[in-house]
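J.: Starting from these lines, generate the structure:
(2 chains)
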There are 2 protein chains.
Amino acid sequence: MAARPKNAFYAQSGGVTAVINASACGVIETARKYPEQIGTVYAGLNGILGALQENLIDTGKESVEAISALRHTPSGAFGSARYKLKGLEQNRAEYERLIEVFRAWNIGYFFYNGGGDSQDTAHKVSQIGAELGYPVICVGVPKTIDNDLPHTDCCPGFGSVAKYVATSIREAGFDVASMAATSTKVFVLEVMGRHAGWITAACGLATEKTGQAPHILLFPEIPFDEAKFLARVDECVKTYGNCVIGVSEGIHTADGKFLADSGLRDAFGHAQLGGVAPVIANLVKQRLGYKYHWAVADYLQRAARHLASATDVKQAYAMGKAAVELAVKGHNAVMPTIVRVSDAPYKWKVGKVALAEVANVERKMPRDFITDDGFHITAKCRRYLAPLIEGEDYPPYRNGLPDYVRLKLKPVKRKLNTEFKV
Amino acid sequence: MAARPKNAFYAQSGGVTAVINASACGVIETARKYPEQIGTVYAGLNGILGALQENLIDTGKESVEAISALRHTPSGAFGSARYKLKGLEQNRAEYERLIEVFRAWNIGYFFYNGGGDSQDTAHKVSQIGAELGYPVICVGVPKTIDNDLPHTDCCPGFGSVAKYVATSIREAGFDVASMAATSTKVFVLEVMGRHAGWITAACGLATEKTGQAPHILLFPEIPFDEAKFLARVDECVKTYGNCVIGVSEGIHTADGKFLADSGLRDAFGHAQLGGVAPVIANLVKQRLGYKYHWAVADYLQRAARHLASATDVKQAYAMGKAAVELAVKGHNAVMPTIVRVSDAPYKWKVGKVALAEVANVERKMPRDFITDDGFHITAKCRRYLAPLIEGEDYPPYRNGLPDYVRLKLKPVKRKLNTEFKV
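T.: I've put the predicted structure just below:
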């Protein structure tokens, strides 16, 4: 009689995206094609917490249609977690608990869908499993809107945010241009990206010719220079009639002070409420007197599955699929990657990288992706970004709204009679 | 020899929408079908200012393709204006100037595409024209995201904003639900609507079952009660694990104080930067301690042609078309309307109303559209709103982004040698 195949554990980690569920779909649908190597795929309820607390979802209990619908559903369908496992030395108990749960559920594969920290965790799990005599094949599935994982052309999740912010700032730019004669002259859109300006850069794709919105981009990589910024705003309004600005939440001055933490206090002396867009807009108003509007996209940008990039959706699914294919071939402690073959037409293939090389390496935006004056993107940046937003992949609609799936998420009956406090 | 047909003047007025250009398209394409009654359609550059300053766009110089593309292009393609003509007694000179320009350009039809104020202006123009011996057929074309025009089932522009905010808050709701175990528990989305809660109500369409986002809506019609609100937030977090809130920019306390003007001051004592979402979010943090995120959609919501309601686009076009058809039949001082025939399936037809009945009447949201506790919409409200967001009408895409048209907008050579200062 053949050995019972090992089961798999899949978890979502960190901030969610419009397409992380497409990766989940890729993992689960592909695993079902290898019944001799992979038994059941268990998903962690709320990410890695699901493993630590033995809250596992048997994905086999979700219908084929529901799993398929994950491909067009934003957010983390199984729950994600902002929970970083500590180093092996600091909290060995957490890793041992993971292995305990894996052993109880005959888990032989660990698929961890997240950013840099998560890849580091997956790497550590592969090490501790071997050390404790319970080897687990650990494969990372890349995900992050921040686009800061190394060794991959881009990160699933980023392309859809990029398409959303570029579309939104183009649309707002049309709006402002049509009103500027008698009303709003300056518009500020705040986008995510605390350390890296990838998302801010994507706003720049909306500008096809000089004079089109956005006119100014403010990157976290470029120290904010108030005088230079105000001069440029004034020049734009005088030249083009209006000025549309895309700003990263993480911009700061040369001395490292975040603009979003600008010393604003309410009547009780409480710190200001956050949001760099209103700070920038108010600065323009006070110094230049222009009427302004501002928007903060926040979660709207990373949840906007209705406007996902078809390229991004394909890549997210492909990474989930490739992770399983690597695992059944016995590759351990690796992560599939996206390898760019050509820019235009965009061609890419699936590659792989050792987790050891991914962990704790952050990919920064190259300086030559930003124009010399620091206020826009270069042609080189545009060549890199353009393919990532290519194509539309609309979700189905019901009653006028996107028809996203909600899973049953009924946890399995626990096998262990131990509790684990996190 | 037949008399030379009169020309038409078309202008966009007030805040723009995702579909006001669809109305422009309806006006221009329909006028071209009546060459014996209507000569050239001139559009005002920047709305009514274009007439006052004799900055006219000959729409015949724009290509057929460009005019057709207006149907899928947001914003006001000819420029809109926040410029309200004063009363006849206060500034008769403005009205006389309009008639002077109309006379110079043989304008016999005036199509004014705007909200309540604009319909009032169109009404006055019809009166003054007759009085000055230069009769002009004045027909209003309804437009406003605020949905506050009377005598019409809804206002073109509203349905698309409604679809955008309902989709966005559903997507953000999925995001928050998947993160709430370890991260954000409360999310606040601020939407437009200073006086009426129509847009806030539309957020409520995303909730199909109790417990789904949004959990709380804050309407300008319901005085903000801090204690009651905080109790409800806490209840939602404890019951559903998270709380998603849609809030109108215009909410205020029982004594009329706007929450967005909450006494916040910066280090120099300047008034706060605006935005009610951060005020609400911060209140929750201070009193309940929950981690929050907030978004302010601002212009993104009214410019989001990428997510337009197909019903809204059809109605916007139909209103432009009907305005021309009314005009060529000799109807003066009227506005076409949308008449609801049935809710489900939604059936509607084109009606008309005298401008005198539209001017200065604001349609409020009925109290029975809001639940007794003031925090959500009723089934009756849902029946009214649901059809307005039905259907998708995607714009074409080029290079991954919506391909919106930019007109040439070359003003005609002026005939008058008089300047008019506004």
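J.: Need the three-state assignment for the nearest residue to residue A:317 once chain neighbours are set aside.
T.: Using CB to CB, 6 or more residues apart in numbering or on different chains and skipping the chain neighbours, the partner closest in space to residue A:317 is residue A:26 (4.2 Å). From N, CA and C alone the C-beta is placed, and that goes for glycine too. Following DSSP: H, G, I helix; E, B strand; the rest coil, residue A:26 is assigned to helix.
J.: Next: residue A:374.
T.: coil.
J.: So it sits against residue A:219, correct?
T.: Yes. With contact defined as CB atoms under 8 Å, residue A:374 reaches residue A:219; the gap is 7.0 Å.
J.: out of the two, which sits in the more crowded spot?
T.: Taking other CB atoms under 10 Å in any protein chain shown, residue A:374 and residue A:219 do not tie; residue A:219 has more neighbours (26 against 19).
J.: Give the full set of residues in contact with the nearest residue to that one once chain neighbours are set aside.
T.: Leaving aside its sequence neighbours, residue A:219 sits nearest to residue A:197 (CB to CB, 6+ apart; 3.6 Å). Going by CB atoms under 8 Å, 6 or more residues apart in numbering or on different chains, residue A:197 touches A:217, A:219-222, A:248, A:365, A:370.
J.: Just the pLDDT for residue A:197.
T.: pLDDT, residue A:197: 96.
J.: and the gap between it and residue A:218?
T.: Distance, residue A:197 to residue A:218, by CB to CB, to the nearest Å: 9 Å.
J.: so what sits against both of the two?
T.: Shared contacts of residue A:197 and residue A:218 (CB under 8 Å, 6+ apart): residue A:248.
J.: SS state for the spatially closest residue to residue A:110 that is not a sequence neighbour?
T.: The shortest distance from residue A:110 to any non-neighbouring residue, by CB to CB, 6+ apart, is to residue A:138 (4.5 Å). Following three-state DSSP, we place residue A:138 in the strand state.
J.: looking at it, residue A:138 is touching residue A:129, isn't it?
T.: Yes. Residue A:138 sits in contact with residue A:129 when judged by CB under 8 Å, with a separation of 7.4 Å.
J.: between those two, who's got more neighbours?
T.: Per other CB under 10 Å, whichever of residue A:138 and residue A:129 has more neighbours is residue A:138, with 28 against 23.
J.: quick one: contacts for that one?
T.: Contacts of residue A:138 by CB under 8 Å, 6+ apart are A:109-110, A:112, A:122-123, A:125-126, A:129, A:332-333, A:355.
J.: Please repeat the previous calculation with a cut-off of 7 Å.
T.: A:110, A:122, A:125-126, A:332-333 (CB atoms under 7 Å, 6 or more residues apart in numbering or on different chains).
J.: For those residues, pick the one with the most neighbours.
T.: Neighbour max across those (other CB under 10 Å) = residue A:122, 29 neighbours.
J.: and the helix or strand that contains that residue, what other elements does it pack with?
T.: Take DSSP states H and E as the rule and residue A:122 turns out to sit in helix A:116-131. Helices and strands touching helix A:116-131, by 3 or more CB pairs under 7 Å, 6 or more residues apart in numbering or on different chains; DSSP states H and E, are helix A:92-104, strand A:107-114, strand A:137-142, helix A:355-358.
J.: one more time with 8 Å
T.: strand A:6-13, helix A:92-104, strand A:107-114, strand A:137-142, helix A:355-358 (3 or more CB pairs under 8 Å, 6 or more residues apart in numbering or on different chains; DSSP states H and E).
J.: Off-centre distance for that helix?
T.: Offset of helix A:116-131 from its chain centre (CA atoms, centre = their mean, to the nearest Å): 21 Å.
J.: do the same with stretch A:240-253
T.: For stretch A:240-253, the distance to the chain centre is 22 Å (CA atoms, centre = their mean).
J.: same question, stretch A:13-25
T.: The answer for stretch A:13-25 is 8 Å, by CA atoms, centre = their mean.
J.: now the end-to-end length of that stretch.
T.: Using CA to CA, to the nearest Å, the end-to-end distance of stretch A:13-25 comes out at 15 Å.
J.: does it come close to chain B?
T.: Yes. Using CB under 8 Å from any CB of the partner chain, stretch A:13-25 reaches chain B at A:15-16, A:18.
J.: Any quick ChimeraX command for the buried ones out of these?
T.: Selection of buried members from the residues of stretch A:13-25 next to chain B for ChimeraX, criterion 16 or more other CB atoms under 10 Å in any protein chain shown:
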select /A:15,16,18
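J.: what's across from the spatially closest residue to residue A:9 that is not a sequence neighbour in the sheet?
T.: Closest residue to residue A:9 apart from its sequence neighbours, by CB to CB, 6+ apart: residue A:107 at 4.7 Å. Here residue A:107 sits in beta bridges with residue A:7, going by DSSP bridges.
J.: Let me know the pLDDT of residue A:107.
T.: So, for residue A:107, pLDDT stands at 98.
J.: ok, it - how many residues close by?
T.: Neighbours of residue A:107 (other CB under 10 Å): 25.
J.: contacting residues for it?
T.: Counting by CB under 8 Å, 6+ apart, residue A:107 touches A:6-9, A:42, A:101, A:136.
J.: ranking those residues by neighbours, who comes first?
T.: Highest neighbour count within the contacts of residue A:107, by other CB under 10 Å: residue A:8, with 30 neighbours.
J.: So it sits against residue A:40, correct?
T.: Yes. With contact defined as CB under 8 Å, residue A:8 reaches residue A:40; the gap is 7.4 Å.
J.: Got the domain ranges for chain A?
T.: Chain A is divided into the following domains under automatic domain parsing: A:6-144+A:305-361+A:391-402, A:158-303.
J.: got those as a markdown table, with distance to residue B:402 columns?
T.: Putting the domains of chain A into a markdown table (distance: least, CB to CB, whole Å) gives the following:
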| stretch | distance to residue B:402 |
| --- | --- |
| domain A:6-144+A:305-361+A:391-402 | 9 |
| domain A:158-303 | 6 |
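J.: I'd like the distance between the closest residue to residue A:85 other than its chain neighbours and chain B.
T.: What sits nearest to residue A:85 in space, not counting adjacent residues and going by CB to CB, 6+ apart, is residue A:121, at 4.9 Å. Note on residue A:121: its distance to chain B, by CB to the nearest CB, to the nearest Å, is 14 Å.
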